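Participant: Below are the sequence and a predicted model; questions follow.
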Amino acid sequence: MQIRLEKRLEPSKAMLYLTPIGAVLVTAIVGMIVFSLIGYDGIGAVREIFLTPILNPLKWQDLAVKSAPLIIIAVGLSIGYRANVWNIGAEGQYVVGALFGTAVALVTRDMSGPWILPLMIVSGMIGGMLWASVPALLKTRLQVNEILTSLMLTYVAIQILNYVVIGPWKDPMGFGFPQTRMFTDSQLLPRFIPGTTVHWGVPIAAIVALLVWFLMSRSVFGFQIKVVGAAPSAARYGGFSVNKTIWLALLCSGGLAGLAGVLEATGPFGRLIQSFPTNYGFTAIIVAFLGRLHPIGIVFAGLAMAICVVGGEVAQTTIKLPVAAVGIFQAMMLFFLLASDVLVRYRLRVVSRGDVEVAR
Amino acid sequence: MPNRLELSGITKQFPGVLANDNVSFSVKPGEIHALLGENGAGKSTLVKMIYGIMQPDAGEIRWNGQPVVVQNPKAARRLGIGMVFQHFSLFEAMTVLENIALGMDAKIPARELEAKIRQVMQTYGLALDPHRTVATLSVGERQRIEIVRALLLNPKLLIMDEPTSVLTPQEVEQLFTVLRQLASEGCSILYISHKLYEIKALCDTATILRGGKLVDTCDPKQETSRSMAEKMIGTNLKDIVKPEGRSFGPAKLVVSKLTTKKAGHFDVPVNGVSFTVRSGEILGIAGVAGNGQNALLDALSGELRGDDANAITIDGKGVGLLDTNGRREQGLCAVPEERNGHAAVGDFTLADNSVLTARERMGMVGSGLIKTSVAKLYTDKIIADFSVKALGPQSLAGSLSGGNLQKYIMGREILQKPGVLVVSQPTWGVDAGAAAAIHQALVDLALAGSAIVVISQDLDELRALADTLAVINMGQLSEARPVQDFSVEEIGLLMGGIHGTEAA
């Protein structure tokens, strides 16, 4: 007996939706086994990581706050990935977005007015776009692979952050801590639901997802992105410039990563600190794929990933799971999802062994 | 003597289609047996089951009188079944010898293999240097590699899938000589083709399939091309209706000294190409594949932009600097040779594929948004007018058969009523019924006053369709002359590279 892959006539719609759910389930099962084998409470780990954040209402605001930047970044990345433009450096664009926003904050610290926060947000988006335009320029002019350049620029961005919070932007009243001044009231992102930690970034994430969904499904822009990703020759034949599309894709994903960065800085952080980068930019890559590169799917995937992040924090305190455990769970999720993707286009068929058999 | 191959009651069901319905026929030793049918008639499915790529749901295959189950192609080769596919699987950067060695089931030392190859080539008069790189070979020579590869296994049955679609007339004649010699030595040949006159010239028996069912097994020498074509499509064949001796209008498309840059290692650019197409005229461009046809089409469509606006003019306006969109606005539509991934996106629905090229001319966009209902209506019209077999505008382009996708693509461009239409291989791999429909649509468009350029390797198509003809060879175009002034031999010689009018 052997198992053979047979190509489906059309990609299976059911598998398209089922495999992400399957990937999460298989991750939980394998995680349970692996952590039991190395001496942790495996069942407890899976319970704390996947169930506690859902079952405990106190954790819901955490889920919203953690999922918002993931969703905003992942929606941006999905635009690029649809066009086969592989921006891996959202983390860097996220950091630069926060840096640009903070620069505005430092200049306007003695001023007040409702225009300051919007200006910071727009600057943050421009910062993200600027950082993403470097890989775009190198790719379109010199055919340099954007995976490498965008990733490498992430580390440049983090070094710049380290430099400014230790050097020129250090809070003079901060007892030497590597951080900037607190933002003023005009510079802080207000709460969306008073009395919770849920800030305006959460509804903004939902609006971004809806807007991009509409653009991708209905506009010529979305069509251009999809056709360049699916068949570059056909795109050229249809009158779409591949280079222009690369620019658009990188500017969109960079701008949204920058938006997420400035929202985090003005929301939960309230200032720029050295430990500002928390891998949202990388985790969002998983979210984008888990959500099938579809903005609405990404909303659900962002929530699922937030559950994993919040649950990981719970498990660290309750059952002393190491920090790396969350990373392992996230990586497994992406791995199982990509591995099971084959089922969308192929079906498994069990065939009996043997070569030429003379019948009867 | 038992039959070499005997099929009885072969049935294969795919989701939604009965690809083969109770098909039975037999092939005698040394017989050249034609398998005829429209696209989607079930020829490929049947052959794939004989060669072990698929298994029948019901029915029996007998080999030399013995019932067999052919599990996979390797098993088929072991039985003595060889196959030459329509699309070659060759590595361009490797030599002939390396390519053949890669395809062998058994490991044979290179020197021994080379001796065997030379022997096979000598026996059948196949000229080929085993040490040449494939990239430097013509299509006909590439096909010889595949034939040699099959012959090395001493096959008792050789399956040829549309082998002549890319060959010059002279190369076709050489191929037939080889096949006849093989048959005289007792090897059976299963020959799949649409070209009925070839089947009349070559084959002893013809089995005709339609809609998965066997319609007739006949002697092609007793039939006319027309009678076989009508059995294939099930109705009477329509001739191209083309008024004789009509006059043409003013020059619409004028190309002067068009030159492209070499894009890649294996690309053949065009060099100083000039021609004029008048309103109502169909210009045919003949040539063996890989002589600059792709560069010519891309340069005309706007995918390759030159630096001289007046190298291409439409109604006197220079369009050489415009992109495909700009040229469509000026009334120039084009259909490239490759259907999947170039003329259409397989993963997209037909409606989305209509948006790809017809969005501006057919008013499918407004303020940056796509009007899906307009796209659907237009796609419905294409499906109806060009009898495309598809479930509807929401079908994926990739789920259509080659011929149906081609009908859709031609319909998409023709219904935009372009002033100038440039098409490459409009009926490549398309069956007789669909080809006739496409030809008629092109003629009708010309009668309505459009200027049309047809780039094709199919001489019969060009002779039936074109008013004037030119031949492309190594990126250069011969002078265009009325099609009736050419003899087949002369076209063949021009395609092979002998230029100049003194050949006439």
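Facilitator: Yes, it's here. Just so we're clear, the structure is a prediction, and the values are computed from it rather than from any experiment. Numbers count the residues shown, from 1 in each chain, chains lettered A, B, ... in the order given.
Participant: check contacts around the residue nearest the centre of chain B.
Facilitator: For chain B, B:Trp428 is the residue whose C-alpha lies nearest the centre (C-alpha atoms, centre = their mean; 2.8 Å). With contacts taken as C-beta atoms under 8 Å, 6 or more residues apart in numbering or on different chains, B:Trp428 has the following neighbours: B:Ser165, B:Glu337, B:Gln406, B:Ser456, B:Gln457, B:Asp458. Heads up, the C-betas are built off the backbone N, CA and C, glycines and all.
Participant: my read is it is in a strand, agree?
Facilitator: No - B:Trp428 is assigned coil when assessed by DSSP: H, G, I helix; E, B strand; the rest coil, not a strand.
Participant: so what's whatever residue of chain A ends up closest to chain B closest to, chain neighbours aside?
Facilitator: At 3.4 Å from chain B, A:Gly239 is the closest residue in chain A, using C-beta to the nearest C-beta. The shortest distance from A:Gly239 to any residue other than its chain neighbours is 3.4 Å, reached at B:Asn325 (C-beta to C-beta, 6 or more residues apart in numbering or on different chains).
Participant: Look at that neighbour and give its secondary structure.
Facilitator: Secondary structure of B:Asn325, reduced to three states by three-state DSSP: helix.
Participant: And B:Val23, by the same measure?
Facilitator: strand.
Participant: Against chain A, how distant is it?
Facilitator: 18 Å (C-beta to the nearest C-beta, to the nearest Å).
Participant: What is the neighbour count of that residue?
Facilitator: Summarising burial for B:Val23: neighbours were counted as other C-beta atoms under 10 Å in any protein chain shown, giving 23.
Participant: again with the one 4 residues further on
Facilitator: One way to gauge burial is a neighbour count; for B:Val27, by other C-beta under 10 Å, it gives 22.
Participant: can you check B:Asn72 too?
Facilitator: The criterion is other C-beta under 10 Å. On that basis, B:Asn72 has 14 neighbouring residues.
Participant: nearest residue to B:Pro2 other than its sequence neighbours?
Facilitator: Closest to B:Pro2 by C-beta to C-beta, 6+ apart is B:Gly65, at 3.3 Å.
Participant: What residues does the one you found make contact with?
Facilitator: Residues counted as contacts of B:Gly65 (C-beta under 8 Å, 6+ apart) are B:Pro2, B:Asn3, B:Glu6.
Participant: Who wins on neighbours among those?
Facilitator: Ranked by neighbour count under the definition other C-beta under 10 Å, the contacts of B:Gly65 are headed by B:Glu6 with 19 neighbours.
Participant: A:Lys139: what secondary structure?
Facilitator: Three-state assignment for A:Lys139 (three-state DSSP): helix.
Participant: So which bits of the stretch 201-350 of chain A are right by chain B?
Facilitator: A:218-221, A:223, A:226-227, A:230-231, A:233-234, A:236-239, A:241 (C-beta under 8 Å from any C-beta of the partner chain).
Participant: confidence score at the residue of chain B found nearest chain A?
Facilitator: In chain B, no residue comes nearer to chain A than B:Asn325, which is 3.4 Å away by C-beta to the nearest C-beta. For B:Asn325, the model assigns a pLDDT of 89.
Participant: Please apply the same query to B:Leu214.
Facilitator: Looking at B:Leu214, its pLDDT stands at 90.
Participant: cool, A:Arg360 as well?
Facilitator: 32.
Participant: okay, now residue 326: neighbour count?
Facilitator: As the question left the chain open, I've gone with chain A. 22.
Participant: that's the other chain; I wanted chain B
Facilitator: When counting by other C-beta under 10 Å, one arrives at 15 neighbours for B:Gly326.
Participant: I'd like the average pLDDT over stretch B:270-278.
Facilitator: Model confidence over stretch B:270-278 averages 92 on the pLDDT scale.
Participant: List the contacts of it.
Facilitator: Where contact means C-beta under 8 Å, 6+ apart, the residues beyond stretch B:270-278 that reach it are B:248-260, B:283, B:292, B:295-296, B:299, B:420, B:451-453, B:470, B:472, B:475-477, B:480.
Participant: Restricted to strands, list those residues.
Facilitator: Within these, residues falling in strands by DSSP state E are B:251-258, B:283, B:420, B:451-453, B:470, B:472, B:476-477.
Participant: now the strands: where do they sit in chain A?
Facilitator: In chain A, strands defined by DSSP E lie at A:2-7, A:346-351, listed in chain order.
Participant: right, and the ones you listed - which one's nearest B:Leu90?
Facilitator: Ranking the strands of chain A by proximity to B:Leu90 (C-beta to C-beta) places strand A:2-7 first, at 22.9 Å.
Participant: Relative to that closest one, what are the paired strands and their orientations?
Facilitator: Each strand that strand A:2-7 pairs with, and the sense of that pairing, follows from DSSP bridges: strand A:346-351 (antiparallel).
Participant: buried sites along the strand it pairs with?
Facilitator: Residues of strand A:346-351 classed as buried: A:Tyr346 (neighbour count, 16 or more other C-beta atoms under 10 Å in any protein chain shown).
Participant: And for B:Trp63, nearest residue in space, chain neighbours not counted?
Facilitator: For B:Trp63, the nearest residue in space outside its immediate sequence neighbours is B:Leu79; the separation is 5.7 Å by C-beta to C-beta, 6+ apart.
Participant: residues near B:Lys262, how many?
Facilitator: If you count neighbours by other C-beta under 10 Å, B:Lys262 ends up with 11.
Participant: ok so, going back, ok, which of the strands of chain A comes nearest A:Ala284?
Facilitator: Ranking these by distance to A:Ala284, with C-beta to C-beta as the measure, places strand A:346-351 first at 28.3 Å.
Participant: Which residues does the closest one contact?
Facilitator: Residues from elsewhere that reach strand A:346-351 (C-beta under 8 Å, 6+ apart): A:Met1, A:Gln2, A:Ile3, A:Arg4, A:Leu5, A:Glu6, A:Lys7, A:Arg8, A:Ser12.
Participant: now those residues as CSV including pLDDT and distance to B:Ala41?
Facilitator: Below are the contacts of strand A:346-351 laid out as CSV (pLDDT from 0 to 100; distance: C-beta to C-beta, whole Å):
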residue, pLDDT, distance to B:Ala41
A:Met1, 62, 35
A:Gln2, 71, 32
A:Ile3, 75, 32
A:Arg4, 76, 27
A:Leu5, 76, 28
A:Glu6, 76, 23
A:Lys7, 75, 21
A:Arg8, 76, 23
A:Ser12, 77, 28
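Participant: out of those residues, which is most surrounded?
Facilitator: Among the contacts of strand A:346-351, where neighbours are counted by other C-beta under 10 Å, the top count belongs to A:Ser12, at 16 neighbours.
Participant: pLDDT at residue 237, what is it?
Facilitator: Defaulting to chain A. pLDDT, the model's per-residue confidence, is 93 for A:Tyr237.
Participant: try chain B instead
Facilitator: Listed pLDDT for B:Leu237 reads 63.
Participant: again with A:Glu357
Facilitator: Per-residue pLDDT puts A:Glu357 at 39.
Participant: Show me where chain B dips below the pLDDT cut-off.
Facilitator: Counting by pLDDT under 70, chain B has low-confidence residues at B:39, B:165-166, B:236-239, B:264-266, B:429, B:496-504.
Participant: out of everything not next to it in sequence, what's closest to B:Met410?
Facilitator: Residue nearest to B:Met410 in three dimensions, not counting chain neighbours: B:Ile438, with 5.2 Å by C-beta to C-beta, 6+ apart.
Participant: Need the nearest residue in space to the residue positioned nearest the centre of chain A, chain neighbours excluded.
Facilitator: Averaging the C-alpha coordinates of chain A gives a centre point, and the residue nearest to it by C-alpha atoms, centre = their mean is A:Ala284 (1.4 Å). Once flanking residues are discounted, A:Ala284 sits nearest to A:Ile73: 3.7 Å by C-beta to C-beta, 6+ apart.
Participant: what does A:Val310 give?
Facilitator: In this structure, A:Val310 finds its nearest non-sequential neighbour in A:Pro53, 4.3 Å apart by C-beta to C-beta, 6+ apart.
Participant: Any figure for the gap between A:Leu337 and A:Ile147?
Facilitator: Counting by C-beta to C-beta, to the nearest Å, the separation of A:Leu337 from A:Ile147 is 19 Å.
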